[in-house]
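> Sequence first, then the predicted structure:
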Amino acid sequence: MDPNKIMGNILRYGSLFSILLILFGTAMLFLNNGANNYTLKQIASHDSEVSTNGISASQLFYGFFSFDGISYIVLGLIVLIATPIMRVIYSIYFFGNQKNRVYLLITIIVFFNLMFAIFFIPYIL
């Protein structure tokens, strides 16, 4: 299969899955009038305490199975962030298979820049 088609499919289906999770989570928020012991009014408030910093991995896991809207929205955002990362990982695999060292090195640098920006920059700032 054409590598450009594979990369396009990774972006297309990852984005689509993310949108579906976020839309489902939003629908669950309205159906349940809130989530995580917050009312819909508290969540929608401009000075809301609800943020992704307050949701742990275990809350996300249990919220997924209890149809908690915020958990689905956060999961959708995680998939949205992971989608281009999967494209970069596939590119590393592809350029490694092709023995194209220049593009492999550039793609590895891009991958480490992404990882640095996701995992280290938030703790520095």
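In hand now; what should we look at?
> where do the helices sit along the chain?
Shown for the chain, the helices assigned by DSSP state H span residues 3-32, 40-44, 57-65, 69-97, 101-119, 121-124.
> Let me have these in TSV, adding mean neighbour count as columns.
Every C-beta, even on glycine, is put in place using the N, C-alpha and C of the backbone. TSV is the format used below for these (neighbours: other C-beta atoms under 10 Å):
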stretch	mean neighbour count
helix 3-32	15
helix 40-44	14
helix 57-65	13
helix 69-97	18
helix 101-119	13
helix 121-124	8
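> Check the ones you listed for me: which has the lowest mean pLDDT.
When the helices of the chain are compared by mean pLDDT, helix 40-44 comes last with a mean of 72.
> Remind me what that helix packs against, helices and strands.
Applying 3 or more C-beta pairs under 8 Å, 6 or more residues apart in numbering; DSSP states H and E, one finds that helix 40-44 contacts helix 3-32, strand 34-35.
> To Val79, which of the ones you listed lies closest?
Closest approach to Val79 among the helices and strands packed on helix 40-44 is made by helix 3-32 (4.2 Å; C-beta to C-beta).
> circling back: just send the helices and strands packed on helix 40-44 back as JSON lines, with distance to Phe67 too.
Listed next are those as JSON lines, based on distance: least, C-beta to C-beta, whole Å:
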{"stretch": "helix 3-32", "distance to Phe67": "5"}
{"stretch": "strand 34-35", "distance to Phe67": "9"}
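> quick one: which of those is nearest Ser58?
strand 34-35 (15.5 Å).
> quick one on the thing from earlier: which of the helices and strands packed on helix 40-44 sits closest to Lys41?
strand 34-35 (7.9 Å).
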